[in-house]
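[1] Task: produce atomic coordinates for the following.
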Amino acid sequence: MEIRKFRTNYGLELLTASHSGISLGDLVWDPLVGSPSFSHPGMPNTIYTSFLDAGLIDEEEFGTFQNECQETPLVNAMLADRKVDVNNELIAELQHPTLGKIEGNFQLDSISKFMFGELQVKEMDNLLRVKIDQYLELMKEKKWQEYDGKIRRVNIITELYYGSIKLVVERSLSGKMDAALQYSGINFVSKAEGSKSVEYAFSHEEVPFAMRIEKVRTFNG
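    Next up is the predicted model:
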């Protein structure tokens, strides 16, 4: 699935790099052309960092915001078909930890199908949204220069999606895949053998593969 099609179907952004440290409330620059970026000149790394920089919250309140965003529990996601197929051309770009370990011992372009399954999501709850919205309104009222110059044009991560990954290889290549996994010390969750292909499933390792972002200027609690 191409990124454009993924965005159209699910309203999400595919993360084409490993982001194990990513969290709800992080800020993202979404350019007109190219992939979203987690860094941009003058842009704080999180929405609550912008509140701290503007003097609207103190260090203790900053820590509370940070904990609320990071400790949001995973729940089952309701995406169509409970799985997401991804264009094989994106496999190397995704930089998933499991893929990185396999890559040195198995040619990723030999994988015939790649998908995310058993989908789970971390979603910003309504109380946190309301609190962020209240501080945004306060920032617009009292700290317009900081708001307009640093965060009005950026986006907030409000959902993060996780899923076990599944790789399908031709049956003739399964021996090489087994050897690569053993050499890399990677354990698969399950292995399903068919007459022509073999499917391997791996845990998500706490690394999100997609995110939902919302524009700060239209954010609503």
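
[2] wait, doesn't E205 sit right on G100?
    No - applying CB atoms under 8 Å, one finds E205 not in contact with G100, separated by 10.7 Å. C-beta: built from backbone N, CA, C; applies to glycine.

[3] where does the chain dip in pLDDT?
    The model of the chain has pLDDT under 70 over residues 1-5, 20, 80-82.

[4] Strands of that one, residue ranges please.
    For the chain, applying DSSP state E gives strands covering 13-14, 27-28, 75-76, 83-85, 113-123, 155-170, 190-193, 197-202, 210-215.

[5] want to throw those into JSON lines with distance to L94?
    Listed next are the strands of the chain as JSON lines, based on distance: least, CB to CB, whole Å:
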{"stretch": "strand 13-14", "distance to L94": "8"}
{"stretch": "strand 27-28", "distance to L94": "17"}
{"stretch": "strand 75-76", "distance to L94": "22"}
{"stretch": "strand 83-85", "distance to L94": "12"}
{"stretch": "strand 113-123", "distance to L94": "9"}
{"stretch": "strand 155-170", "distance to L94": "9"}
{"stretch": "strand 190-193", "distance to L94": "21"}
{"stretch": "strand 197-202", "distance to L94": "13"}
{"stretch": "strand 210-215", "distance to L94": "10"}
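
[6] any chance of the ones you listed in TSV, with mean neighbour count and distance to Q107 too?
    As requested, these are exported to TSV (neighbours: other CB atoms under 10 Å; distance: least, CB to CB, whole Å):
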stretch	mean neighbour count	distance to Q107
strand 13-14	22	22
strand 27-28	22	32
strand 75-76	10	34
strand 83-85	17	20
strand 113-123	19	13
strand 155-170	21	10
strand 190-193	11	19
strand 197-202	19	15
strand 210-215	19	25
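
[7] Out of those, which is closest to E68?
    Proximity to E68 (CB to CB) singles out strand 113-123 among those, at 11.4 Å.

[8] I would like the residues contacting that closest one, please.
    The contact list for strand 113-123, computed with CB atoms under 8 Å, 6 or more residues apart in numbering, reads 24, 72-77, 79, 82-86, 88, 91, 158-168, 197, 201, 204, 208-209.

[9] How about the nearest residue to N88 once chain neighbours are set aside: which residues does it bridge to?
    Closest residue in space to N88, ignoring its immediate chain neighbours: F114 at 5.8 Å, by CB to CB, 6 or more residues apart in numbering. Beta-bridge partners recorded for F114 (DSSP bridges): L167.

[10] Pull the distance from the longest helix that the chain contains to the chain's centre.
    In the chain, taking DSSP state H as the definition, the longest helix is helix 126-142. What separates the centre of helix 126-142 from the centre of its chain is 24 Å, taken as CA atoms, centre = their mean, to the nearest Å.
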